[in-house]
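J.: how would this look folded up:
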Amino acid sequence: MTSILHRFAAAMLAAFLAAAAPALAQTEVRDAPDPYVHREAGIAFPQQVGAFRRGKIYEYDAQGADASVGYKPPEQFGEMTVYVYPAHGAPCRRWFDGADRATMGRKGAAHAAEAAPMRLLPESVPDQLSARYTLAAGALGFDHPELASFTWVGCIPGGKWVVKYRGSFLAAEAARADGLAEQLFAAIDWSPLLGK
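T.: Numbers count the residues shown, from 1 in each chain. Predicted coordinates:
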């Protein structure tokens, strides 16, 4: 089971990174400082934030404006990734629909029963869209159990930045995953992005 979980983690991260930026080259930021600071948005992502331990960091452009930071949830198997990238003037719904299509394009993916919308940033960010999914066993192309997966997209007022969250957990532990994204986002200082 342990080898399945390790393969699950590596494959899930690779699959979501590929879906997030299919046409862009990605560079892993190795030996990132603590904290890793998004080069253009100024958000600091510490090695340890609350109960969450930072994982892999990727930059998708030479300026570091399009980047993702992974975190390991406490005491639970899963992957949590935060993306920060330029909005390029596109509406929030378009960014969310693209993320939703990437997840729903997997064989065995389905929207889960209606769940309360996630609000990961303050109310000053009105455009926050989210969905919950179930991914059938093997949906990521290797042997893994059924997964519960979450996608959230928030568009910062002013049209400059998009923040996206993806989290996937064993379906059998889905109830324990509720609230983890809110805890992670609450532990990160978003003030450089929100202008506060």
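
J.: just name the shakiest helix or strand of the protein by mean pLDDT.
T.: Comparing helices and strands within the chain by mean pLDDT, DSSP states H and E singles out helix 2-20 as the least confident, with a mean of 44.

J.: can you name the element that comes right after that one?
T.: Scanning forward in sequence from helix 2-20 by DSSP states H and E, the next helix or strand is strand 27-28.

J.: which helices and strands sit right next to that next one?
T.: In this structure, strand 27-28 packs against strand 52-59, with contacts taken as 3 or more C-beta pairs under 8 Å, 6 or more residues apart in numbering; DSSP states H and E. No exception for glycine: its C-beta is placed from N, CA and C like everyone else's.

J.: need the phi and psi values for residue 37.
T.: When read as degrees, to the nearest 10, the backbone of residue 37 gives phi -110, psi 120.

J.: okay, it: pLDDT?
T.: Taken from the predicted model, the pLDDT recorded for residue 37 is 97.

J.: residues in contact with it?
T.: Under the criterion of C-beta atoms under 8 Å, 6 or more residues apart in numbering, the contact partners of residue 37 comprise 43-45.

J.: can I get those in TSV including pLDDT?
T.: TSV is the format used below for these (pLDDT from 0 to 100):
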residue	pLDDT
43	96
44	97
45	97
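
J.: just the ones in strands from these, please.
T.: Among the contacts of residue 37, the members falling in strands are 44-45 (criterion: DSSP state E).

J.: can you say which of the contacts of residue 37 are buried?
T.: With neighbours counted using 16 or more other C-beta atoms under 10 Å, the contacts of residue 37 contain these buried positions: 43, 45.

J.: JSON lines for the contacts of residue 37, including distance to residue 174?
T.: What follows is the contacts of residue 37, written out as JSON lines (distance: C-beta to C-beta, whole Å):
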{"residue": "43", "distance to residue 174": "28"}
{"residue": "44", "distance to residue 174": "30"}
{"residue": "45", "distance to residue 174": "25"}
